[in-house]
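1. My questions are about this predicted structure, shown below with the sequence.
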Amino acid sequence: MTSPPHVAFGHHLLRDPHGQYNALRGQAPVHHIRTPDGAPAWLVMRYHDVQAALTDLRLSVDKRFSDTDGEHGSSLPPELDAHLLNRDPPDHTRLRRLAAAAFTPRRVADQAPAVATIVDALLDGIADQDQAELIGALASPLPLQVMHELLGLPTQTSVDFRNWTNTLLSADANQPAQSRSAMATMRRFLMGQLARKRAQPGDDLLTGLLAARDDDDRFTDDELLAMVFLLMFAGYDNTAALIGNVTHALLTDAGLHDAVRAGSVDLDSVVDEVLRWNPSFPLAVRRFAREPVTPSRQAIASGSAWPARTATPHSSPNPTN
Ligand code: HEM
């Protein structure tokens with residue numbers, strides 16, 4: 001029998017993440033926690049445990065391997081849930097291959113002028129203000145507008161998408177009706193867009209995903225819906241948080257700011273380092289133990305959830321860190 005979780009992994013902890021991680025790591029390498037959505041899970045905090053967990057096939061991202069306690073928060077309807085983050089190989093490999101046929105590096109590179117236009121327009125919108133709120137004015141609308149452009153969705157729905165996504169991201173167990181309604185509206189919208197692109201194909205990612213084939217294989221309708229949902233959902237909040245975190249690093253670290261301005265540190269490296277040191281979301285996608293596992297000699301029963309830390313800033317074996 002597992003004892004109740006004793007660490008609530010919530011916003012209070014994230015106010016001083018590195019101090020808190022250090023303290024927790026000093027106490028034990030593995031902690032039984034409660035995640036922000038209320039679910040109990042095991043948190044592994046040492047670099048080698050995290051690295052091993054992320055490649056351990058006994059740990060599954062498929063919720064079917066969760067014990068009854070393992071999955072809380074708002075569950076997506078099955079047709080939005082059939083996406084990469086919930087699939088293990090070989091399903092995952094198959095979906096990735098189909099997505100890669102349409103979501104190519106070339107298609108991403110081709111977006112550069114459109115991204116620059118969107119950034120310019122958003123910055124023009126705050127150019128005459130003494131002060132602006134970065135997240136609302138730039139970080140949040142930017143990824144949504146870019147994803148709309150990339151997928152070929154009508155630009156004006158990016159605000160709706162932000163509202164639906166924010167409802168889902170802030171979903172708590174007390175407001176299931178609001179999440180269900182946001183999910184249903186988003187699903188209807190995406191279904192409509194898929195029908196529109198089927199009737200009128202364009203030169204966009206949505207049309208590309210509709211046409212994507214791997215030999216005789218192609219996406220089912222539910223897989224396609226879930227893929228588009230994941231791209232919008234995953235592409236939005238993480239990117240907005242990253243823009244905020246990079247800007248915060250530049251504004252609070254004068255040495256870094258000066259080095260970037262002088263050209264001795266390039267911005268790409270700053271982005272990579274912020275992703276490692278202060279990631280957009282502090283936990284990896286939850287994994288479920290298919291069979292008992294013992295990271296750092298901690299016994300974890302099958303069915304338990306495992307949100308391995310995505311980064312371990314103070315224990316990285318990389319001597320340059
Ligand atoms: C820029 C900041 C971003 C961060 C910090 C971020 C972070 C992550 C993380 C931590 C995972 C899960 C890894 C795992 O535990 O398995 C993930 C997966 C994924 N992300 Fe992102 N992401 C970002 C941007 C984006 C964007 C812009 C898109 C879409 C255009 C996107 C699409 C995806 C997809 C499709 C997956 C699933 C990949 C797979 O399972 O094969 N992400 N991301």
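-> Thanks, I have the structure now.
2. Help me confirm that Asp130 is found in a strand?
-> No - Asp130: not assigned to a strand; according to DSSP: H, G, I helix; E, B strand; the rest coil it is coil.
3. Near it, how many other residues are there?
-> Applying other Cβ atoms under 10 Å, we find 5 residues neighbouring Asp130. Where you see a C-beta, it was placed from the backbone N, CA and C, and this is true even at glycine.
4. And for Arg58?
-> Arg58, neighbours per other Cβ under 10 Å, totals 14.
5. Can you tell me how far it is from Gly303?
-> Counting by Cβ to Cβ, to the nearest Å, the gap from Arg58 to Gly303 is 12 Å.
6. How about the contacts made by the residue in the stretch 1-150 of the chain that the ligand sits nearest to?
-> Relative to the ligand, the nearest point of the stretch 1-150 of the chain is Leu84 (3.6 Å; Cβ to the nearest ligand atom). Neighbouring residues of Leu84 by Cβ atoms under 8 Å, 6 or more residues apart in numbering: 92, 95-96, 99, 227, 230.
7. Go again with 7 Å.
-> Contacts for Leu84 (Cβ atoms under 7 Å, 6 or more residues apart in numbering) come out as 92, 95-96, 230.
8. In PyMOL, select just the buried ones from these.
-> Selection command for PyMOL covering only the buried members of these, criterion 16 or more other Cβ atoms under 10 Å:
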select buried, resi 92+95+230
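9. so what sits against both of Arg58 and Gly303?
-> Ala289.
10. Not counting residues beside it along the chain, what's closest to Phe219?
-> Nearest in space to Phe219, with sequence neighbours left out and distances taken as Cβ to Cβ, 6 or more residues apart in numbering, is Leu98 at 5.6 Å.
11. got the CA coordinates for stretch 46-56 in PDB?
-> Extracted C-alpha coordinates of stretch 46-56, given in PDB (Å, rounded to 0.1, in the frame of the first residue of the first chain):
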ATOM      1  CA  ARG A  46      18.200  12.700 -10.400                       C
ATOM      2  CA  TYR A  47      19.700  13.100 -13.800                       C
ATOM      3  CA  HIS A  48      20.400   9.400 -14.400                       C
ATOM      4  CA  ASP A  49      16.900   8.300 -13.100                       C
ATOM      5  CA  VAL A  50      15.200  10.800 -15.300                       C
ATOM      6  CA  GLN A  51      17.300   9.800 -18.300                       C
ATOM      7  CA  ALA A  52      16.600   6.100 -17.600                       C
ATOM      8  CA  ALA A  53      12.800   6.800 -17.100                       C
ATOM      9  CA  LEU A  54      12.400   8.600 -20.400                       C
ATOM     10  CA  THR A  55      13.700   5.600 -22.300                       C
ATOM     11  CA  ASP A  56      12.300   2.800 -20.200                       C
END
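12. Say whether the ligand is contacted by it.
-> No - using Cβ under 6 Å from any ligand atom, stretch 46-56 never reaches the ligand; the gap is at least 6.8 Å.
13. Would you indicate which residues of that stretch are buried?
-> Across stretch 46-56, burial judged by 16+ other Cβ under 10 Å covers 46-47, 49-50, 52-53, 56.
14. Then stretch 223-233?
-> Judged by neighbour count (16+ other Cβ under 10 Å), stretch 223-233 contains these buried residues: 223-233.
15. What of stretch 201-208?
-> Neighbour counts over stretch 201-208 (16+ other Cβ under 10 Å) mark 204-208 as buried.
16. ok, now stretch 185-193?
-> Within stretch 185-193, the residues that qualify as buried by neighbour count (16+ other Cβ under 10 Å) are 186-187, 189-190, 193.
17. Let me see the contact set for Leu230.
-> Residues in contact with Leu230 (Cβ under 7 Å, 6+ apart) are 83-85.
18. does stretch 232-251 come close to the ligand?
-> Yes - Stretch 232-251 reaches the ligand (Cβ under 6 Å from any ligand atom) through 234-235, 238-239, 242.
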